[in-house]
Every structure is written in structure tokens, then in C-alpha cells.
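In: Model the structure of this input:
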Amino acid sequence: MKRAVLIGINTYTYFNALEGCVNDARSMDELLRTQFGFESTRLLLNTDATRENILGAFDQLVADSQIDDVAVIYYAGHGSQIRDREGDEPSGFDSTLIPIDSSRDAAHPEQMREITDDEIFLFLQKLGNKTKAITVIVDACHSGTITRDGDEWAGLGRVRGVPADTSVIATPSPIPPELWPMLRGDAPTGASPAGWTPVRDHYVMISGSRDTELSGELIANNADGTKSHHGVLTYWLSQALSSAKSGATYRSVHEAVAPNVSTFRQGKQHPQIEGRIDRELFGMKEIPPMRYLRVAGVAADGNSITLAAGAAVGFTVGTVVAVYAAGTVNTEGQTPLALADVTAVRALESTATVRADGRTDKIMLSDRAVVQSVGLTDPRRTVQVVLNKKSGVAADEVARLSRALAASTILRVVEAPELDTLTVCVWPGSAAQNAARWAVTGADTTPAVPLKSIDDVTGVVRNLEILARQGLALALANGDGNSTLGRALPTVELLYRYGQEPFRVATPGSSGLPEFEESAQIGVRIKNNHTAPVYISLLDFGLSGKVTPMYPPKGAAEPLAAGASIDLLVRDGEQWEFWLPEVYPYIADGALPVRDDGIETIKLFATSSPASFEFLEEAEGVRAGDALSSIELFFRERVGVVPVPATREGRPVAATAPVLEDWTTVVIPFELRRKGTNRLPAMALSTAATLNSMQGSSPEARLPQAPPPQSSPSLASSN
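Out: Numbering: from 1, shown residues only. Next comes the predicted model:
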């Protein structure tokens, strides 16, 4: 059975009134009943939405729900924050929903009736014992810095939030003290991007904005000539749900909603989604996402698009993609909107030119690009030697370096820098050290490896090859469009813990990646979505350039059965703890600042037959007499451990493996920051040159506009 509790509050007694919440609750109620077959819905509107009635409706939902029923909780109204009383919030504040009968009158502390995230967490825990098909939708603010109806939003409708209450709460916590240790130890710690406690893996939460943003209302022009108020999130969410096709997932709906909301609010509101986002809407069925790349930008003239994939996942110039509408879950029998050719590849993004016969006027943000063929690429890492007249390096030392570089099988010297080119230069000496040294830098000119003395040419080349081998291994990707493993990509989640606490599922932080402090122990949860067993290998790509096999243990390759799931690196003796290098990045003479964060990457290889990556730690390469499968030989050749045969040397190599075995990869980046430091912007994989090349016209201007407010004739703008 499908059940829902829907709450909408406009006419607050003690806070400023809102205008669209009741409309939203009613429209969502009708949508759930008429389109999704909900048999039992309970509406709490305005004066009915007291604290007692809301919590009573939650309790009744738990009591009525049977095993595997579908449950939805929807809230439209004010949200805020109050002082944490249970000691489980690192920020010191609980996020709250504000019932109609709650106030903040210091003379009447008994009227503080806000419902905290801890109370909702405990309710969802009880409901989760009955069913895992739970959806929570909150169209409200939860920010500590929000204001009432700021002038900047005049004419756009009201803001659904009130300022945080920073005073000490006089009334006791509604949660019994004996449950506080459970909140601190069992509930996920930290805050999600929306400001709520991170969700468990059995429900989906959709919220109107990040915790530092405002969730607003709009005034819609209706087909009958009337106007009505709605939450910006709910307005677009209702449209996406109304047009959702069979098999649609929360992921596909969010991809349709998010760009419309952020564009309408001029980049000041970004809806959040967390939890089991690949579940069928209001159901239990998991639908693995189609393997695709998200369209992250559309040029104003429609002639080119930006794809959310770059060199970090093995993307290359010459790759051809087919673009399908957002929400597409199966391309079989469907005609793409356009074909596009990748013309430029950066670290995390790529630019593709749309072919002339494509429907360029139809491509929008969050459409899905599917790889048709992978471009050819020379696997060697490019190196540029830059010496100025004052470098003071003797000609014979330069000649030694040139000969050593020319002898490398995985380095290629270039005159002008190309994508991801490494530069060898001379780092000037200091008064203390009194000697110049070789430095290896990326495009941001920061030393990527420890400095080497001028006579240590062998050490310079060895470090260059370490970085090159890491880049080659990270870029390995199967471009075979017929790969069955590629179409049934494994589902991967990061797990983490500190000390001896339980492992938890990681969620994206404010950087868009999972964020961990040093000492975090990180595991990986994997589900095999293929119809046959697969062999799983995990490699760590460290900040120092090292590639380290993490799983399987040496000599222990076991297949993961079809449809099976497994948690790796979580058992005693298998855990992996992550730390930043003591000095990072490598600096000289204190001339550069020490970074307190960086991006670490775990890469998963799924293969149809056993494959070992231990060779990445073997300095001597392949020993005589080694018996290797063809897929292992392929991997070794691509990362320069087995030299490319002379007949093929210097030729571009196809990215598709010429082997019988099937394979695929998943790249899992996360941000690691030094213990005890505030989060800084991540040291991104992209360089300054990359950032410069990303500048251009706004892709968001291509989006369809929401019905504009009365006072605003046009609201399309750049984020």
C-alpha cells in the first residue's frame, strides 16, 4: 500500500506568513493519488499542522505501515535551526521544521515547539523497520544565515525560513537522555549538503536547497489566466513527476528539476537529493543507471556542449558521443538528439562539437551523452624541458637528461605543452641550500615530486615515470561500446569511519565529493549488476603519485557472484587509513604554501577473468617466465610495464582492449583534508589553464523558463 503525510503551512501565528505552501501540499497530494496510486494520504494544512498533530501523523504512519509499503513525507513551510541539546551536532545546531503553534517568545519557552532533525531521524528509523521505500521531501530553508523576505527577492515570492535561534534553549530536549548516546554514536555524524543529518541507505531525501541557501517561492501564471504561489522546488518537481515515464528514478527526476530551479533562482538555490537515488519513483526496485555522461553546459549558439568527464577518467580527443534527453534510461530503438565529436579534453570536463545534422536546439543541461566510439591516443605522458639562460645547468647535464627521457617507454618529450604535460625546470637555490635543483611541475607550476639535485638525472626520470604510470593507470577505460560489463556497471559506494565507530555510507560534501579528515578508514561497498560473476580489483591513486593495489589481497582473487553485494576493506586486518603527505605539495625553501587538502582517488576494475595489478609495485616489471592472461598483458602494456612492440611504437593505440575478456572501470575520487583544519577549496585535478579554457557563454540561458512572477518579465540568467 502507498501512504503519505503532507504538511503545508502559510498562516503562521508567530512568524511571517507564506503563500504557496498549502497549494504545494494539495497539488502533491493530488499528484500522488492520481498518478502514482497512493491509497492513503493525510493532509495537515495551516491550523491543523501543530507539533502534536504532525508528530501524531508520523506515529500513525509507522503504526499503519506494513512490510514494504511505500511511504512519503512532504513538508512545505518554514525551516530554521536551534541550539543542539543532545550533543550530536558538530555545528552545534539542529535543523528544524516549524509547526504553526511554535514561537520564540523568551517569556514563554514552552511555546518552542520546533521539530528537530533528531526527532525526524528517530521517526525514520522506526518507519525503516517496516519499509525501505521511504521518500522525504522538504521545501524549506535550514540555514543559520537566512533573512525574512530580503529585498533581493522582491517580486519573486517569499522565502521559506526564519533566522537561526542562537540562544540557549530553555526547554528540555524532547528526546529522552538515554537515547542521546545512540544519536551521537549510531546516527550518521556531520551534516548533509541540505543541512540535515545524512540519510540512511533505506530512504531518499529531496530538499529545496543547500543549508547555506534560501528556498524561495514563485508566482506562476496558470493556463486559465489565474496566478498561484508555489515553492520553486515543488513547482518544478511537480512538473517532472507529472511527465515521468515508466522506469523513471529519483536520479532522473532530480536531473530534470535541479537546473530549472537553479536557473530560475539565478544560481542562488540548488536542490539536493540524497539516499537511494537509483530507485524507481515511489517503489522498491533498484534501476542501475544507464552508463552516460552528463551534459554540463550548452554553448549559446548550440554548436558545442560541455561534458562532465575528462582526462581523469580516460576521455580523449576524437571520442564520439550520442546525446539523449535527460531521464533516458534505455537508448535501444531511440534516435539521439545529436552526435558530437570531442575536440578538447581537460582534467574533469570535455568540449564536444555538435554535428550539423543534430537537433542542436533541443540539447539542454543534464541531457545524457553516451559514448559511441573512443578516440585514439598515444599512451605516453608528455614532458617539456624548460631552461632559462640563468639556470646555470651545464650542457652535459642537460644532454644526460635528454638521453634519459628519450630512453623512457612511457614519456614523450614535446616542445610545446599539451594536455597534462609535465614540466622539468630548475628550481633556484636558496642562501641556506646554495644549489639549484631539478623540479617537476604541472601546469600550476607547483612541484609535483621532491626536488632532485642537478646530477640526479636518474631520480628525475624515475619520478616522472611514477607520475606517468599513475596517469596512465588512472586513464585506463574500456571504450568498447559492446562491453556487457560496461552496460551493467557495478554500483559503488564509499564507506568510512574514524577510530572504532561503525562504518557509514559517505555522501557528497560541499565540494561535490565525499570529504574526509586524515585518519579516516575508507571501505567500498560494491554490487555486481552483471548477469555473470566478475573479479574486482581496487587501486589507490595517492597524492604522491603512487599507485597501490588495495584489493584483492595478494594471491586471493575470488569472483563476486551475479547480483551479489560485498563490503571491502572493512574487516579487521583489511582496513585502509588515509593521510596527507607530511609536506604537501612538495615545496622548496618555504616559498610555497603547504596545502591542507587534496583529492585522492580509488579506482575499481571489474574484469570477467582474474587480473592482478601487483605489477604496479614491481620496479623490475615483468619477470621471465611469468604466465599472464591476455587482459593482464593488455593492462601492463598500457601503463608501460611491458614495452610497446617496436612495430607499434609511436603509433596511436586504440582505447578498446584487443582481448577476449570483458572489463570496465569506476573512478571514485574523494577529498582528504588535514586533521584539525577548516575545509578549503579542494586542490582540483584541473589546472589554471583548464580554468581559463572553461570560460564562455552561459549554458543556462538555453533552459525553458518557469512562468515569471508579475514583477519580473524575464528570469533566465547565468548561474
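In: Now do residue 558 against residue 3, distance only.
Out: Note on residue 558: its distance to residue 3, by C-beta to C-beta, to the nearest Å, is 42 Å. No exception for glycine: its C-beta is placed from N, CA and C like everyone else's.
In: Residue 615 reaches residue 636, doesn't it?
Out: Yes. In this structure residue 615 lies within contact range of residue 636 using C-beta atoms under 8 Å: 5.6 Å.
In: the more surrounded of the two?
Out: Neighbours per residue (other C-beta atoms under 10 Å) separate residue 615 from residue 636, with residue 636 holding more: 22 against 19.
In: my guess is the more buried one contacts residue 616, does it?
Out: No. Using C-beta under 8 Å, residue 636 makes no contact with residue 616, being 9.0 Å away.
In: ok so, going back, looking at residue 558 and residue 3 now, which is surrounded by more residues?
Out: The residue with more neighbours, out of residue 558 and residue 3, is residue 3; 21 against 11, by other C-beta under 10 Å.
In: The more buried one is in what secondary structure piece?
Out: strand 2-8 (DSSP states H and E).
In: mind listing what that strand pairs with, with the direction of each?
Out: Partners of strand 2-8 in the sheet, by DSSP bridges, are strand 40-45 (parallel), strand 70-76 (parallel).
In: Can you lay out these as JSON lines showing mean pLDDT, distance to residue 356 and mean neighbour count?
Out: Formatted as JSON lines, the strands paired with strand 2-8 follow (pLDDT from 0 to 100; distance: least, C-beta to C-beta, whole Å; neighbours: other C-beta atoms under 10 Å):
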{"stretch": "strand 40-45", "mean pLDDT": "96", "distance to residue 356": "51", "mean neighbour count": "18"}
{"stretch": "strand 70-76", "mean pLDDT": "95", "distance to residue 356": "46", "mean neighbour count": "26"}
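In: So for residue 203, which of those strands sits nearest?
Out: strand 70-76 (8.5 Å; C-beta to C-beta).
In: Need the contact partners of the strand holding residue 3.
Out: With contact meaning C-beta atoms under 8 Å, 6 or more residues apart in numbering, strand 2-8 is reached by 21-26, 28-29, 32, 36-46, 49, 54, 57-58, 61, 64-65, 69-77, 97, 282.
In: got the CA positions of that strand in CSV?
Out: Presented in CSV, the C-alpha positions along strand 2-8 are these (Å, rounded to 0.1, in the frame of the first residue of the first chain):
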residue,chain,number,x,y,z
LYS,A,2,1.1,3.6,-0.7
ARG,A,3,0.7,6.1,2.1
ALA,A,4,1.7,9.8,2.5
VAL,A,5,1.6,12.6,5.1
LEU,A,6,1.7,16.0,3.5
ILE,A,7,2.1,19.3,5.5
GLY,A,8,1.6,22.8,4.2
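In: what's the average pLDDT for that strand?
Out: Here strand 2-8 scores 96 as its mean pLDDT.
In: And the next helix or strand past that strand?
Out: Taking DSSP H and E, what comes next after strand 2-8 is helix 21-36.
In: Could I get the buried residue list for that next one?
Out: 21, 22, 23, 24, 25, 27, 28, 29, 31, 32, 36 (16 or more other C-beta atoms under 10 Å).
In: Tell me the bridge partners for the closest residue to residue 53 other than its chain neighbours.
Out: Sequence neighbours aside, residue 44 is the residue nearest to residue 53 in space, at 5.7 Å (criterion: C-beta to C-beta, 6 or more residues apart in numbering). For residue 44, the beta-bridge partners are residue 7 (DSSP bridges).
In: close enough to count as contact, residue 44 and residue 56?
Out: No. Using C-beta under 8 Å as the test, residue 44 is too far from residue 56 to be in contact (9.4 Å).
In: From the contact counts, what lies against the helix or strand hosting residue 239?
Out: Per DSSP H and E, residue 239 falls inside helix 232-242. For helix 232-242, the packing partners by 3 or more C-beta pairs under 8 Å, 6 or more residues apart in numbering; DSSP states H and E come out as helix 21-36, strand 133-139, strand 203-207, strand 217-221, helix 250-264.
In: And the helices in the stretch 501-650 of the chain, which stretches?
Out: 630-638 (DSSP state H, counting those that start in this stretch).
In: low-scoring pLDDT stretches of it, where are they?
Out: Within the stretch 501-650 of the chain, the stretches with pLDDT under 70 are 554-557, 583-594, 617-634, 637-638, 640-650.
In: try 90
Out: Along the stretch 501-650 of the chain, segments meeting pLDDT under 90 span 501, 507-513, 531-532, 535, 541-562, 570-576, 578-599, 607-650.
In: for the protein, what helix or strand is lowest in average pLDDT?
Out: Within the chain, no helix or strand scores below helix 688-693, which has a mean of 24 by mean pLDDT, DSSP states H and E.
In: CA atoms of stretch 35-52 as PDB?
Out: Presented in PDB, the C-alpha positions along stretch 35-52 are these (Å, rounded to 0.1, in the frame of the first residue of the first chain):
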ATOM      1  CA  GLN A  35      -0.700   9.500 -11.000                       C
ATOM      2  CA  PHE A  36       1.100   7.200  -8.600                       C
ATOM      3  CA  GLY A  37      -1.800   5.300  -7.000                       C
ATOM      4  CA  PHE A  38      -1.500   6.400  -3.300                       C
ATOM      5  CA  GLU A  39      -4.400   5.000  -1.400                       C
ATOM      6  CA  SER A  40      -3.900   6.700   1.900                       C
ATOM      7  CA  THR A  41      -2.900  10.400   2.200                       C
ATOM      8  CA  ARG A  42      -3.300  12.700   5.200                       C
ATOM      9  CA  LEU A  43      -3.200  16.500   4.700                       C
ATOM     10  CA  LEU A  44      -2.200  18.800   7.600                       C
ATOM     11  CA  LEU A  45      -2.800  22.400   6.500                       C
ATOM     12  CA  ASN A  46      -2.300  25.600   8.400                       C
ATOM     13  CA  THR A  47      -4.000  25.400  11.900                       C
ATOM     14  CA  ASP A  48      -4.100  21.600  11.700                       C
ATOM     15  CA  ALA A  49      -0.300  21.500  11.400                       C
ATOM     16  CA  THR A  50       0.600  21.700  15.100                       C
ATOM     17  CA  ARG A  51       3.500  20.000  16.600                       C
ATOM     18  CA  GLU A  52       1.300  17.500  18.200                       C
END
